[in-house]
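Undergrad: Structure here, sequence nowhere to be found:
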Ligand SMILES: [Zn+2]
């Protein structure tokens with residue numbers, strides 16, 4: 001089995017969604033805080049957002065029942081890879097060892113000149129002194145290892161995700177509304193290659209009609225029961 005996860009799974013940990021009700025982008029204009037053009041012109045918007053919103057939020061949240069259930073299913077040998085749209089690193093924190101992060105991760109920050117990597121904690125302390133933070137090796141500019149609006153997904157990551165989807169017998173979607181490209185396309189590819197497609201999501205998705213199983217509920221309620229059944 002391969003699992004495809006989206007914002008819904010992290011929402012159950014208390015990470016606000018982006019566009020939904022109460023979503024982050026209603027409060028923070030993504031054109032200022034999450035677009036590559038603004039970031040290159042004036043990275044201080046992103047870094048103030050990181051300092052005041054992103055970092056405190058990520059320090060607070062923990063993996064939830066869904067993340068833990070997926071890690072346990074992997075441990076049992078029933079799950080090969082998690083493909084995720086999320087950038088919060090909660091799958092790895094829960095214990096999943098094979099995770100493909102389509103949009104990168106906020107937890108790694110690197111120098112755009114010399115590629116030196118920094119942790120979130122290191123950069124948070126740099127931000128006490130200066131915004132934007134500069135590389136301590138070469139004074140280059142830093143950036144998070146995420147895909148900003150206006151940037152393409154990394155082709156090698158995307159290729160890896162498609163390869164996993166094409167090879168799997170069972171593709172389980174968890175907490176994704178399957179609307180943002182390539183979210184819809186990856187499960188569709190798996191289905192076309194003969195995999196069973198199952199969707200667990202609170203709201204309906206464009207692939208519901210095509211899926212073999214659809215459960216409209218919170219993943220945190222459903223996945224622990226799947227683990228129980230597997231046992
Ligand atoms: Zn550097």
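TA: Thanks, I have it. If you're wondering where the values come from, they're calculated on a predicted model, not measured in any experiment. Numbers count the residues shown, from 1 in each chain.
Undergrad: Tell me which other helices or strands the longest strand along the chain touches.
TA: Ranked by residue count, the top strand of the chain under DSSP state E comes out as strand 104-111. Packing contacts for strand 104-111, counted by 3 or more Cβ pairs under 8 Å, 6 or more residues apart in numbering; DSSP states H and E, involve strand 117-119, helix 120-129, strand 142-146. C-betas here are computed from N, CA, C, even on glycine.
Undergrad: List the contacts of the residue with the largest distance to the centre of the chain.
TA: The outermost residue of the chain relative to its centre, with distances by Cα atoms, centre = their mean, is residue 138 at 30.1 Å. Contacts for residue 138 (Cβ atoms under 8 Å, 6 or more residues apart in numbering) come out as 111, 113, 114, 116.
Undergrad: Looking at the residues you listed, which is nearest residue 95?
TA: residue 116 (28.3 Å; Cβ to Cβ).
Undergrad: if I look at the residue nearest to the closest one when sequence neighbours are not counted, how far off is the ion?
TA: Nearest non-adjacent residue to residue 116, counting by Cβ to Cβ, 6 or more residues apart in numbering: residue 137, 4.9 Å away. Using Cβ to the ion, to the nearest Å, residue 137 is found at 4 Å from the ion.
Undergrad: I'd like to know how far residue 137 sits from residue 46.
TA: According to Cβ to Cβ, to the nearest Å, residue 137 and residue 46 sit 21 Å apart.
Undergrad: who has more neighbours, the two?
TA: residue 46 (23 against 11; other Cβ atoms under 10 Å).
Undergrad: Show me which positions of the lowest-mean-pLDDT helix or strand in the chain end up buried.
TA: Using mean pLDDT, DSSP states H and E, the weakest-scoring helix or strand in the chain turns out to be helix 24-27, at a mean of 80. Residues of helix 24-27 classed as buried: 24, 25 (neighbour count, 16 or more other Cβ atoms under 10 Å).
Undergrad: now what about it, what contacts it?
TA: 16, 17, 18, 19, 34, 53.
Undergrad: what's the most distant pair in those?
TA: Farthest pair in the contacts of helix 24-27 (Cβ to Cβ) is 19 and 53. Separation: 15.9 Å.
Undergrad: Let me know the closest of the contacts of helix 24-27 to the ion.
TA: Minimum distance to the ion across the contacts of helix 24-27 is 23.1 Å, recorded for residue 34 (Cβ to the ion).
Undergrad: beta partners for the closest residue to the closest one other than its chain neighbours?
TA: Leaving aside its sequence neighbours, residue 34 sits nearest to residue 149 (Cβ to Cβ, 6+ apart; 5.2 Å). With DSSP bridges as the criterion, residue 149 is bridged to residue 35.
Undergrad: tell me the pLDDT at the residue sitting nearest the centre point of the chain?
TA: Nearest to the mean C-alpha position of the chain, counting by Cα atoms, centre = their mean, stands residue 86 at 1.0 Å. On pLDDT, residue 86 comes in at 95.
Undergrad: Would you list the phi and psi of it?
TA: phi -80, psi 150 (degrees, to the nearest 10).
Undergrad: residues contacting the nearest residue to it once chain neighbours are set aside?
TA: Once flanking residues are discounted, residue 86 sits nearest to residue 10: 5.1 Å by Cβ to Cβ, 6+ apart. Residue 10 makes contact with 61, 86, 88, 90, 175, according to Cβ under 8 Å, 6+ apart.
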